[in-house]
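Novice: All I have is the shape, not the residue letters:
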């Protein structure tokens, strides 16, 4: 029995790692997560709930009361939006699949305007690049060097300086003016949205995804921002459990014209 449970959890985790844009294998695996669940798949579920605004604590890998409440809020949002979804607090089947869709419903905030960035969600890409693995890109990047980005939705360009990163690239604007160019493509304010971009590196136009929320280590003073922006390439993973990010993956494929 233990081997069977371990196998089911492995299959689901593999589906999460490969899914783009939807964790399609999640429902077909038959796995159901509830208050007895632990492990890497629960970390990914908690991280996704946090991205969507339902969970406000660090992923722990243990499916306890706060995760149950977050899942209920997610399921309630779908039910109230006209979907035939039961509110149980457990996650499996259709609700698990919807959680990992790139267009999953976020927390509904009454009377609050959430920035989306110019032309966010447009199906027309103003520029596309090539899929290049993160391991290859990582060897090409040089700390302290500035790289030119193009926002795929608008064609606007901006520059960021590479500061490091093991699982994905961490970059910062070199000046306050460069920071304003980044903010402009994010809706003129910081948010958790992610956008497809193309990065010019050593003459190659490479598909990537940027998150519009600066955080973490800060390498450059006087650039108007504390922290760095995360840039994901094909094969990049999160610092939380070394897990893939479905929204970044979706953007990377969009940026590659796929």
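Specialist: Sure thing, it's come through. Here the structure is a predicted model, which is why all the values come from computation and not from measurement.
Novice: got a list of contacts for stretch 166-182?
Specialist: Stretch 166-182 has contacts (Cβ atoms under 8 Å, 6 or more residues apart in numbering) with 134, 137-138, 141, 146-147, 156-164, 208, 210, 212, 214, 216-220, 222-225, 227-233, 236-239, 242. Where you see a C-beta, it was placed from the backbone N, CA and C, and this is true even at glycine.
Novice: State the mean pLDDT of it.
Specialist: Averaged over stretch 166-182, pLDDT sits at 94.
Novice: how far out from the middle of the chain is that stretch?
Specialist: Here stretch 166-182 shows a centroid-to-chain-centroid distance of 17 Å under the convention Cα atoms, centre = their mean, to the nearest Å.
Novice: so how far does it reach from one end to the other?
Specialist: Across stretch 166-182, the terminal residues are separated by 23 Å (Cα to Cα, to the nearest Å).
Novice: again, but for stretch 96-105
Specialist: Stretch 96-105 has an end-to-end distance of 13 Å (Cα to Cα).
Novice: so residue 237 touches residue 245, yeah?
Specialist: Yes - in this structure, residue 237 is within contact of residue 245 by Cβ atoms under 8 Å, at 7.3 Å.
Novice: And those two? Which one has more around it.
Specialist: Using other Cβ atoms under 10 Å as the criterion, residue 237 and residue 245 rank with residue 245 on top: 24 against 17.
Novice: if you skip the residues just before and after it, what's nearest to that one?
Specialist: In this structure, residue 245 finds its nearest non-sequential neighbour in residue 238, 5.4 Å apart by Cβ to Cβ, 6 or more residues apart in numbering.
Novice: how about stretch 225-236: buried residues?
Specialist: Neighbour counts over stretch 225-236 (16 or more other Cβ atoms under 10 Å) mark 225, 228, 229, 230, 231, 232, 233, 234, 235, 236 as buried.
Novice: Mind pulling up the pLDDT for residue 21?
Specialist: On the pLDDT scale, residue 21 is placed at 35.
Novice: before we move on, what about residue 56?
Specialist: Confidence score, pLDDT, at residue 56: 83.
Novice: same deal with residue 9?
Specialist: 43.
Novice: Could you tell me the phi and psi values at residue 158?
Specialist: Dihedral angles phi and psi of residue 158 (degrees, to the nearest 10) take the values phi -160, psi 170.
Novice: From residue 42, how far out is the residue nearest to residue 99 when sequence neighbours are not counted?
Specialist: Excluding the flanking residues, the one nearest residue 99 by Cβ to Cβ, 6+ apart is residue 48, at 5.7 Å. For residue 48, the distance to residue 42 equals 11 Å [Cβ to Cβ, to the nearest Å].
Novice: Residue 196 now?
Specialist: Where residue 42 is concerned, residue 196 sits at a distance of 29 Å (Cβ to Cβ).
Novice: got it, and residue 139?
Specialist: 33 Å.
Novice: The two - which one has more neighbours?
Specialist: Between residue 139 and residue 42, counted using other Cβ under 10 Å, residue 42 has the larger neighbour count: 21 against 9.
Novice: where does that one land in three-state SS?
Specialist: Following DSSP: H, G, I helix; E, B strand; the rest coil, the label given to residue 42 is helix.
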